[in-house]
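> Provided below for reference: sequence and predicted model.
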Amino acid sequence: EKIAAAHLSPLVDLNGPRSILYGLPPRIVAAESLVFLAEQFDFLLPYLKLMIPSDRHTFLTQFYSQTIQVTHELRIPIYHNVSANILDYMSIALMI
């Protein structure tokens, strides 16, 4: 029941000078794909509860509350690096 650790493709460069907007397109795909999968899990949750044994419901509930419910909140840290690198906060602060 081990799940392999996720890894980023070596073709995706999120922070390099040649990346487009510090990897914004791959970040959008990753974040919105995750939200889509979470929404699908929301849809399937009642069916999953019927299909799995009752002794495994605790695992399902824990997974749902700790993983699925927070997927929308992950957008902020995913996109934060892009905005932090695109906007020159020091220059903006000096202009104020």
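Okay, I see it. Numbers count the residues shown, from 1 in each chain.
> so which bits of the host helix or strand of residue 76 are buried?
Element membership for residue 76 (DSSP states H and E) is helix 75-86. By 16 or more other C-beta atoms under 10 Å, the buried positions in helix 75-86 come out as 78, 82. Every C-beta, even on glycine, is put in place using the N, C-alpha and C of the backbone.
> for stretch 37-55, same thing?
In terms of neighbour count (16+ other C-beta under 10 Å), stretch 37-55 has its buried residues at 38, 41.
> contacts made by it with the rest, please.
With contact meaning C-beta atoms under 8 Å, 6 or more residues apart in numbering, stretch 37-55 is reached by 57, 60, 64, 68, 71, 72.
> now do 7 Å
Identification of contacts with stretch 37-55 by C-beta atoms under 7 Å, 6 or more residues apart in numbering yields 57, 60, 64, 68, 71.
> quick check: of those residues, which lies closest to residue 13?
residue 71 (24.6 Å; C-beta to C-beta).
> quick one, grab the pLDDT at the residue positioned nearest the centre of the chain.
Centroid check for the chain by C-alpha atoms, centre = their mean gives residue 31 as the closest residue, at 4.3 Å. Residue 31 is assigned 93 on the pLDDT scale.
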